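Undergrad: Got a sequence here, can you build the structure:
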Amino acid sequence: MFLLKILSNYLKQLLSIEIIDHHLSSIIINISNNKKTAFALVTILFLMWGSIVSLNDILIPHFKSIFAMNYTETMLVQFSFFGAYFIVSFPASLIVEKIGYQKGIIVGLLIICIGSLLFIPASWLISYPLFLVGLFAMAAGSVFLQVVATPYISILGPPETASSRLNFAEGLTALGATFVPLMGAFLILGSYNSLEEQAAKVQLPYGGIAVIAILIAIVFILVKLPAVKIENYNNKKINVLKFRQLRLGVIALTLYVGAEVSVASFIVIFLHEPTIANLSYQTAAQYIPFYWGGLLIGRFLGAAILQKVYAHTVLAWASVAALVLMSITIITNGYIAMWSMLAVGLFNSIMWPNIFSLAIDGLGEHRIKASGILVMAAVGGAIFPVLQGMLADTSFVGLHLSYILPFSCYIFVLYYGLNGYKPIKNSAYEQNI
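TA: The predicted model follows:
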C-alpha cells in the first residue's frame, strides 16, 4: 500500500501539466513553476537507464554462448558500458554547462537511440566488437542523463531531503532493472535454430529502446523545465577534489558500483553452476529480478527512512549487511549461497544515492562539476567485473571464491559511512569558497 500510494502521487504530479501554446506547430508544456512535476518527469530518466543497465546481465550469458568466450572476455560487456562513464563524464559535464540541463537530457537520449540501433547491424554481422561499440554509445547517452538528472533532483527541494529524493528516483532505476530482465530473458535467451537466429534475438528489445528514447526526447523538447543557473567553470578554476567528502566519495562510489555490477553480472552464470543451483541460463535469468527487486524495495524504503535517519548512518548499516551476506555467499553452497548473493541487492539499494548526496554536501554552486566527477566513478562497473572474471578464470580461485572481490569493496564503503563522508573542519580552502 505504501508503494502504491507513492506511485499514485507520482503519476498525479506527472499529469498535472499546463499547455501554454495550443498551436500544433509549437506546443510548449510549461512546468517551470512546478518543481514536483519537474521531479516526476526527470525521474523517467532513472527508469530509462535502469532498464538499459539490467539488460547487460542478459547479454553476458547470451554473448558467452554465441562467441564461446571465457569469463574475462564476456565481462567486456560491462567494461565497454561502464568504461564510457569514465571517458564521457567530464566532457558531458562541460557540454551541459554550455547547453543547459534540458538540452543535455535531449542529447543523452539521442545518443542512446543511436547506440541501441547499432545492435541491428551487429546482429547481422554477428560482430562482438560492434555490439560493444553500441553498448559504449548507449552508456555515453546514459552519462549525459545522469550528469543532469542526479544534481537536478537534489536541487528540486530542500537540501536536507536531497538523499530522500535521490533514493526515490533511484527506486525507479531499480523498477526498470527489476522487470526488464524478465522480458529480456524471454526475448533474448529463448530457444533458437541457428547462430544467426540467436544473434538476431537482440533486435526487438534494442530496437524498442531506440523508439522509447526518441519518444522521451520529444517530451523533453516540448516541456519547459524550471530554470537552474549553471556556473561557468571555464572562468573559475576550482579543484573540487580538495573537498574531503568528495574525494573519498569518488573512491567509495567507484568501489560500490564495482561490487554491485560484479554481483549482478555473474548472477546467471553463478546460478548455472552445479554446486549452486544447476539452472539453465534462461531459468537462472528469471532470478535477476530478485536482485534488482531488492534495490527497488530498498530505495523506496530508503526514501522514507532517510526522512528520519542520517544518510551516513543508513549507509554504514547497509554496508555491514552487505559484508555479512557476501561472507555467506563465499563460504556456503547451494541455495544458501544463491539467496544470500541475491539478497545483497536490498542493501545495495541506498548506496549510490547516499554516497552521492554525502559527497556533494556543502559544495554549493560546485555541484555540477562534482557530479561530473562522481558519475565517472561508475567506471568501477567496467573494472571490477573484468577483475572478478580474471579471478574466476584462474584454477586456484574459481567463480565461487571470486566473490571476495566485491566483499573487499564493501569494506571501504563502510568506512565512508562511518568517517569518510566528514568534511575537513575549519578548512581555509572551503571557507574561501
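
Undergrad: C-alpha only now, for contacts and for neighbours.
TA: Fine.

Undergrad: so who does residue 415 touch?
TA: Residues in contact with residue 415 (C-alpha atoms under 8 Å, 6 or more residues apart in numbering) are residue 316.

Undergrad: what does residue 288 give?
TA: Residue 288 touches 178, 181, 182, 264, 267, 268, 342, counting by C-alpha under 8 Å, 6+ apart.

Undergrad: Please state the offset of the helix or strand encompassing residue 386 from the chain centre?
TA: Residue 386 is part of helix 380-393, with elements assigned from DSSP states H and E. From the chain centre to the centre of helix 380-393 is a distance of 18 Å (C-alpha atoms, centre = their mean, to the nearest Å).

Undergrad: Which strands or helices does the helix or strand just after it pack on?
TA: Where DSSP H and E defines the elements, the next helix or strand beyond helix 380-393 is helix 398-401. Counting contacts by 3 or more C-alpha pairs under 8 Å, 6 or more residues apart in numbering; DSSP states H and E, helix 398-401 is packed against helix 380-393.

Undergrad: about what we covered before: the contacts of residue 288: which two are farthest apart?
TA: Farthest pair in the contacts of residue 288 (C-alpha to C-alpha) is 182 and 342. Separation: 15.5 Å.

Undergrad: Show me which of those two is the more surrounded one.
TA: A count of neighbours by other C-alpha atoms under 10 Å puts residue 342 above the other of residue 182 and residue 342, at 23 against 20.

Undergrad: in which helix or strand would I find residue 133?
TA: Counting by DSSP H and E, residue 133 is part of helix 128-155.

Undergrad: quick one: buried residues of that helix?
TA: 128, 130-155 (16 or more other C-alpha atoms under 10 Å).

Undergrad: Show residues contacting the helix holding residue 386.
TA: Contacts for helix 380-393 (C-alpha under 8 Å, 6+ apart): 70-73, 75-76, 78-83, 253-262, 265, 397-403, 405-406.

Undergrad: Which of these fall within helices?
TA: Using DSSP state H, the subset of these located in helices is 71-73, 76, 78-83, 253-262, 265, 398-401, 405-406.

Undergrad: Just the C-alphas of stretch 37-49, formatted as PDB.
TA: Extracted in PDB, the C-alpha atoms of stretch 37-49 (Å, rounded to 0.1, in the frame of the first residue of the first chain):
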ATOM      1  CA  THR A  37       6.000  17.900 -11.800                       C
ATOM      2  CA  ALA A  38       9.600  18.500 -13.000                       C
ATOM      3  CA  PHE A  39      10.800  16.000 -10.500                       C
ATOM      4  CA  ALA A  40       8.300  13.400 -11.800                       C
ATOM      5  CA  LEU A  41       9.400  14.000 -15.400                       C
ATOM      6  CA  VAL A  42      13.100  13.800 -14.700                       C
ATOM      7  CA  THR A  43      12.700  10.600 -12.800                       C
ATOM      8  CA  ILE A  44      11.600   8.900 -16.000                       C
ATOM      9  CA  LEU A  45      15.300   9.100 -17.000                       C
ATOM     10  CA  PHE A  46      16.200   7.000 -13.900                       C
ATOM     11  CA  LEU A  47      13.700   4.400 -15.100                       C
ATOM     12  CA  MET A  48      15.300   4.500 -18.600                       C
ATOM     13  CA  TRP A  49      18.900   3.800 -17.600                       C
END
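
Undergrad: And it, how far out from the chain middle?
TA: Worked out by C-alpha atoms, centre = their mean, stretch 37-49 lies 13 Å from the chain centre.

Undergrad: ditto for stretch 307-315
TA: 21 Å.

Undergrad: do stretch 382-395 as well
TA: 21 Å.

Undergrad: Just the CA coordinates for that stretch, please, in PDB.
TA: C-alpha atoms of stretch 382-395 as PDB (Å, rounded to 0.1, in the frame of the first residue of the first chain):
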ATOM      1  CA  ALA A 382      33.900  -1.500 -16.000                       C
ATOM      2  CA  ILE A 383      36.900  -2.600 -14.000                       C
ATOM      3  CA  PHE A 384      35.700  -4.900 -11.200                       C
ATOM      4  CA  PRO A 385      33.600  -7.400 -13.300                       C
ATOM      5  CA  VAL A 386      36.600  -7.900 -15.500                       C
ATOM      6  CA  LEU A 387      38.800  -8.400 -12.400                       C
ATOM      7  CA  GLN A 388      36.400 -10.800 -11.000                       C
ATOM      8  CA  GLY A 389      36.200 -12.600 -14.400                       C
ATOM      9  CA  MET A 390      40.000 -12.900 -14.300                       C
ATOM     10  CA  LEU A 391      39.800 -14.400 -10.800                       C
ATOM     11  CA  ALA A 392      37.100 -16.800 -11.900                       C
ATOM     12  CA  ASP A 393      39.200 -17.900 -14.800                       C
ATOM     13  CA  THR A 394      42.100 -19.000 -12.500                       C
ATOM     14  CA  SER A 395      42.100 -22.500 -11.300                       C
END
